[in-house]
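Asker: Sequence and predicted structure are below.
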4 protein chains.
Amino acid sequence: MEFDYSPKVQAMQARLLAFFDQHIYPNEQRLHAEIEANRRAGNPWLATKLIEELKPLARQAGLWNLFLPKSSRAPEGLSNLEYAPLCEIMGRVWWAAEVFNCSAPDTGNMETLERYGTEAQKDQWLEPLLRGEIRSAFLMTEPAVASSDATNIECSIVRDGDEYVINGVKWWSSGAGDPRCAIYIVMGKTNPEAGRHEQQSMILVPANAPGVKVLRPLTVFGYDDAPHGHMEIELKNVRVPVGNLLLGEGRGFEIAQGRLGPGRIHHCMRSIGAAERALELMCQRAVSRVAFGKTLAQQTVTQERIAEARCMIDQARLLTLKAAYMMDTVGNKVAKAEIAMIKIVAPNMALQVIDWAMQVYGGAGVSGDTPLAMMWAHQRTLRFADGPDEVHRNSLAKLELSRHMKLPTDRVKMPVTRGA
Amino acid sequence: MEFDYSPKVQAMQARLLAFFDQHIYPNEQRLHAEIEANRRAGNPWLATKLIEELKPLARQAGLWNLFLPKSSRAPEGLSNLEYAPLCEIMGRVWWAAEVFNCSAPDTGNMETLERYGTEAQKDQWLEPLLRGEIRSAFLMTEPAVASSDATNIECSIVRDGDEYVINGVKWWSSGAGDPRCAIYIVMGKTNPEAGRHEQQSMILVPANAPGVKVLRPLTVFGYDDAPHGHMEIELKNVRVPVGNLLLGEGRGFEIAQGRLGPGRIHHCMRSIGAAERALELMCQRAVSRVAFGKTLAQQTVTQERIAEARCMIDQARLLTLKAAYMMDTVGNKVAKAEIAMIKIVAPNMALQVIDWAMQVYGGAGVSGDTPLAMMWAHQRTLRFADGPDEVHRNSLAKLELSRHMKLPTDRVKMPVTRGA
Amino acid sequence: MEFDYSPKVQAMQARLLAFFDQHIYPNEQRLHAEIEANRRAGNPWLATKLIEELKPLARQAGLWNLFLPKSSRAPEGLSNLEYAPLCEIMGRVWWAAEVFNCSAPDTGNMETLERYGTEAQKDQWLEPLLRGEIRSAFLMTEPAVASSDATNIECSIVRDGDEYVINGVKWWSSGAGDPRCAIYIVMGKTNPEAGRHEQQSMILVPANAPGVKVLRPLTVFGYDDAPHGHMEIELKNVRVPVGNLLLGEGRGFEIAQGRLGPGRIHHCMRSIGAAERALELMCQRAVSRVAFGKTLAQQTVTQERIAEARCMIDQARLLTLKAAYMMDTVGNKVAKAEIAMIKIVAPNMALQVIDWAMQVYGGAGVSGDTPLAMMWAHQRTLRFADGPDEVHRNSLAKLELSRHMKLPTDRVKMPVTRGA
Amino acid sequence: MEFDYSPKVQAMQARLLAFFDQHIYPNEQRLHAEIEANRRAGNPWLATKLIEELKPLARQAGLWNLFLPKSSRAPEGLSNLEYAPLCEIMGRVWWAAEVFNCSAPDTGNMETLERYGTEAQKDQWLEPLLRGEIRSAFLMTEPAVASSDATNIECSIVRDGDEYVINGVKWWSSGAGDPRCAIYIVMGKTNPEAGRHEQQSMILVPANAPGVKVLRPLTVFGYDDAPHGHMEIELKNVRVPVGNLLLGEGRGFEIAQGRLGPGRIHHCMRSIGAAERALELMCQRAVSRVAFGKTLAQQTVTQERIAEARCMIDQARLLTLKAAYMMDTVGNKVAKAEIAMIKIVAPNMALQVIDWAMQVYGGAGVSGDTPLAMMWAHQRTLRFADGPDEVHRNSLAKLELSRHMKLPTDRVKMPVTRGA
């Protein structure tokens, strides 16, 4: 047992932090300004110049595709344990991960393609994604049913000769607002009569396929997160070649399971980064703001919150790192309890820390003048994205109870919902 | 002791609920659509046609200016205890109160004018406000200082002959985005050398006075709340006649104290209405949504939250009604502990209930498809508007402790910040 | 709606508080000393001299049997709403209620006899109970089954000629440690084949009946609560005349329902009294204890807790009073939601307030030097006595949900467990 | 970074768990029975035969003095990181640690002697302690002052020729009830005029020195924890040779600082063991208890708590292990933030988990029929033993804030109170 980051990781952390100091923090206001200028000009759904400018710099700095696990196409890939503290840093600014081509849902989609795609699929879609030229979306959740239970999914994928015909309505398709978003991974049912976990399949659908219609952007609290966006999308008699199917009919649930572990841990590391940033902002405000003759930092009520925040963040980080370590050493399947735990713990922790920080800022905290309100809104969605807390808690409890009931733990499934 | 609403109140509740069924709920989507259409057309800062249409209907239904305490200009005015349950109903839909000319900050401003204005001031500003022809704003909070401590305020009001010259920057001036907003009540310092609570004065500033500049709208979790708006406003050498001063130099703190009690209780009653609505929406979803073979309502974890929500709402309502009763019977000053209590309790309660409801809705809960996200954002601001929780808790604790220290309770001040 | 106590109640509160100042508070240490002396002498299961001394004084002061509802045998009885604030005061000291013949489970047993007993049963058992000459116990909960679900009860009551033969093991029979405890009300099954709620009956069993064996006292944390005690009792072929049955075979559940409402509200009022006492003790300590150069009262972290405690107590009191009011005006059955609410709210609230108070006292708080630790232990049992929180929350949620499912609310049963 | 226990530790865990299965769990009831028999016979303050029987077995099994850090007298000593998981196991049963000579306060006292004692002091007191022949106590906290602030301490240590004369009253002197308790380490002031942290000294006082009087045992929620006990002790003109002083006059605070780190982490590891045991008991009950037609384990409300318990325990364990690792690698002083964190986190976590377990057991949970109530009571004291949560939170917050104020972190002191 050992709690220090490896020298390799420490060096990468230093490089990434330096990049933040030089290129990310100084541009926070500029990015918002660029999006708002686009919005005022009539269309916020444009890739921002700023991020496109920064991407080559990140690449030059060796900070590109850090999320990639070691593989034939990524010999320099990192382990989950190595990536985790880097991903955390990226979580400090909501738009930063894309600069390093490490943003959701592209990372999850790239991993899915890498792991389950054919060589043809990889050439066509994985390569431009790895180069950051296109974006992607994951179409899983549906407005009509409780998608926390993946067996509820209604989107149909029906074979018709050399094609599959897809019909359904999806929503919370994050990233589909971006004009560069070229490819969707769609979850649907190829066989509603099969076993509970063999009905689903995943299929690649080009965003410009006839029958695809982006109905509207959804808002998260009042944010539309343009140009990324969370879209509601109709698929009406969309036809794709049979070669677009991933892995095989009836294997959608299996792919979802494989995809979700890393996706979840990435979200969680970013949650920890967001919480660290919030605590930093909270302390900065507390030492500088004076009310009733004292700084807020001198009030024990502020001190209690800062201390609790530090305890919560450090515990969540350790749990996330342990989960990453287990994913690397014993595999996602054995690590499922740890993955469920971090998925429950990290967003709730971040929400509490950010809320305390907002309270110290008063009105500024809920406005656009600090990153806190947007952070909070984003973290709030993580309490049901990739499966609501309640579903993860039930899975985790069943694992715990199974030890006392002499049940095999592999009968407890990880929840499968919107991909990360 | 008696816990039933009076027959008069019950009749008004019935009338108001009927109005909601007929005119408010069916128009919820239409109002959002109208604002969004204005926004797309280039300017959301327009009074909505819908509300202007509904106002005469409310007036005809005898549901107009219900907030008004009995007075010479309002012989039919209601007591706080009578108004509270009506105000609660209005809180079920965020924009409803304006339909009945009962929306903040106009109600607080009207009460301030009624109580502290000269006849000339009332004729000029109170009358059109009571008729719903103009809107108003309250300019208190400043971006540069911790405004939870009113003695921090920096805006200056300097006499120059027959005029006062006003300089300062204010923010969170709610309602100042509305083009009908014609009059501001501004808090500033006429004498920074006077005693801690005698430095401040309040003065009437027409929105169109030279030197007034609305700098920008602030957002609350992504919402700009157009056309109402929360504005940052610069006052640069703004000149108004000396007759615009309210009550007298150095009496700003006193006016603020008088104004805050009713304002706070109105906010709290609306918080309770919002929480009731959220619980209603939560139950409706829980009985209809199926996951893993059961409705969410059948899960004991959902049941626990529904039960806790009911306990929290009912307790908060009773506390608010008691505070209203005491304001009516022994006055705002004696009721200050109760007013502080509801100010702490109601928004926190509502936030918890709304959060549970959002979780049952998943993605829909944070989007614009339910009123929950906007409700939550609004309630979150109430944890520091009119004084942050922390300041109210300190006041309340000092009242409690003073009994054990043989201190006179009237030395504990109510916090004075942004008006309601 | 009106929030003042009636003049009659205010007068009784004053009298009761005066009695506390004169006879209860000054004797707190003496009572503990007497019990400990008995314990050291070999037997703590003796009625205390102190309480027997005080009982005539309480009677003289007109503070006797205050719990009694108006009835033929109690023409001067009080309503629930009138009794509630008096019961609260009694809750300030754990042994005080008995001084006024208002202690559980005797009050619940007396009400049961009054409401459901025959004249002969009343003459034999109710009269000496009302005079405070004997004590009683309620034998409901069983160690072998989850007694939160009354249908689990296994104790059998079998008719044999002119007698019933009773067999079972009961525990948490509070008060059965007292040598004056002469009569038990026993819940058992007369017909295990009947409908779910028609199997149970209640029967009177003299404590000295052959076959009754007190197996042992149970402890609550480390307290045995001698001489009152919480006993485990074996009933082995105990025979009583058929006339000892209450109301009729199969009506045990019905009696339990009738008994539980008032019992619960009494517990809750005492919880509020305990919380008030704890807050008082907390403030007294906070203003007098100095650490790091300040009194604890000057720390905002202490102030937050005092303020939250005040908010919680006042809300819980209002809810309890409203429940009492509804029991008086519309009956226990219609008031079942309110009764469930207070049962959930009051002990949890008291536990939190007492815990904060203990923390301010440090070591003294958990020791016998303050009443806090014993208070806490007692309140902790109330989270499952008379039905665990979880069962009450489920009932309450079902009532709430039934409105949205068009279900009749009278299908939701109140939980029936150990009597109050 | 690596999260597996070393093979050495895993082997010791296995050995210790086997010892528990063979000798500890099967004797849980026997120990209570022995103490109760002693109590009934008139004196519970006797060393139990059971523990004396088991000690040689533990020694034979190589499970003796495991807490010892590597040193000249303990060449086989363990690091904090190695000891932590073993200490956790010991925490599963409240009396188990003594079997392995690893119980507080003896471990802290032995470490103090080892680190700060002279050879003569070690020969006289450390050796018999290491052999488990005598017991010891740490006399720090005083009833008259807030001992969370060590500068409040009033006990005086005055030099008079070749002796020191000690006067004071101490309480919460744990272990001083044991007849084998032979030596006290006493904290007092040798120079009340010196600097804030140079006034205190520590001195060795034999329990049988003239002038030492054990006034009474204190209770913890009704438990007297006999024969260990938490005693109030008067020191009246107690004279000891000058050679009994530890380290030197004015160095008491320094010793306390050195002693507290390991003591705290031991407590915390035991807290984690207690929580694990409680969760295990909770699950066992939940799968076997049926109410309303389902096991408690099937209720999602039970599942939520089990899941939360697992998340909380695992996080607290990781934090404790990291603190242990840092103490080993960078020293207690640099690890002070981590030590403060675990001190806050572990007992609060354990209290929550135990409370949930108690609720699943109902009445059995608060009685002596499960270990839960006693566990809870013990954990509750840890929220102020060795410094109350509030003091640790303030220290931790100041460390956090100091980064934003450019203050040296070594100006933040660890709280010094009752030793572990």
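Answerer: Ah, there it is.
Asker: nearest residue to the single nearest residue of the stretch 51-200 of chain A relative to chain D other than its sequence neighbours?
Answerer: Among the residues of the stretch 51-200 of chain A, residue A:81 lies nearest to chain D; the distance is 6.1 Å by CB to the nearest CB. To be clear about C-beta, it is placed using only N, CA and C from the backbone, and glycine gets the same treatment. The shortest distance from residue A:81 to any residue other than its chain neighbours is 4.5 Å, reached at residue A:324 (CB to CB, 6 or more residues apart in numbering or on different chains).
Asker: what about the one you found, neighbour count?
Answerer: Number of residues near residue A:324 (other CB atoms under 10 Å in any protein chain shown) recorded here: 30.
Asker: Would you confirm that it contacts residue A:80?
Answerer: Yes. If you go by CB atoms under 8 Å, residue A:324 and residue A:80 touch, sitting 3.8 Å apart.
Asker: Name the residues contacting each of the two.
Answerer: Common neighbours of residue A:324 and residue A:80, counting by CB atoms under 8 Å, 6 or more residues apart in numbering or on different chains, are residue A:265.
Asker: For chain A, what lies in contact range of chain C?
Answerer: Along chain A, the residues adjacent to chain C under the rule CB under 8 Å from any CB of the partner chain are A:299, A:300, A:301, A:302, A:303, A:304.
Asker: What about the first one, how many residues nearby?
Answerer: Residue A:299 has 21 neighbouring residues, counting by other CB under 10 Å.
Asker: Now it: closest residue in space, sequence neighbours ignored.
Answerer: Residue nearest to residue A:299 in three dimensions, not counting chain neighbours: residue C:300, with 4.5 Å by CB to CB, 6+ apart.
Asker: buried set for the longest helix seen in chain A?
Answerer: Across chain A, the helix with the greatest residue count (assigned by DSSP state H) is helix A:252-288. The neighbour-count criterion (16 or more other CB atoms under 10 Å in any protein chain shown) identifies A:252-279, A:281-287 as the buried residues of helix A:252-288.
Asker: which ones are touching the closest residue to chain B within the stretch 251-400 of chain A?
Answerer: Closest contact between the stretch 251-400 of chain A and chain B, by CB to the nearest CB, is at residue A:291 (4.0 Å). When the contact criterion is CB under 8 Å, 6+ apart, the partners of residue A:291 are B:146, B:148, B:149, B:152, B:391.
Asker: my guess is the second one meets residue A:363, correct?
Answerer: Translated: residue B:148. No. With contacts defined as CB under 8 Å, residue B:148 does not count as touching residue A:363, sitting 10.3 Å away.
Asker: intersection of neighbour lists for these two?
Answerer: Shared contacts of residue B:148 and residue A:363, defined by CB under 8 Å, 6+ apart, comprise residue B:384.
Asker: What's the local residue count around residue A:61?
Answerer: Burial of residue A:61, expressed as a neighbour count using other CB under 10 Å, amounts to 15.
Asker: Distance check, it against chain C.
Answerer: According to CB to the nearest CB, to the nearest Å, residue A:61 stands 45 Å off from chain C.
Asker: Can you check the pLDDT for that residue?
Answerer: Reported pLDDT at residue A:61 in the predicted model: 97.
Asker: Which residues are in contact with it?
Answerer: Contacts of residue A:61 were listed using CB under 8 Å, 6+ apart, and they are A:15, A:19.
Asker: Next, find the distance separating the residue of chain A positioned farthest from its centre from residue A:363.
Answerer: What lies farthest from the middle of chain A is residue A:293; by CA atoms, centre = their mean that is 43.4 Å. Relative to residue A:363, residue A:293 is positioned 21 Å away (criterion: CB to CB, to the nearest Å).
Asker: Ramachandran angles for residue A:220?
Answerer: In this entry, residue A:220 is assigned phi and psi values of phi -120, psi 110 (degrees, to the nearest 10).
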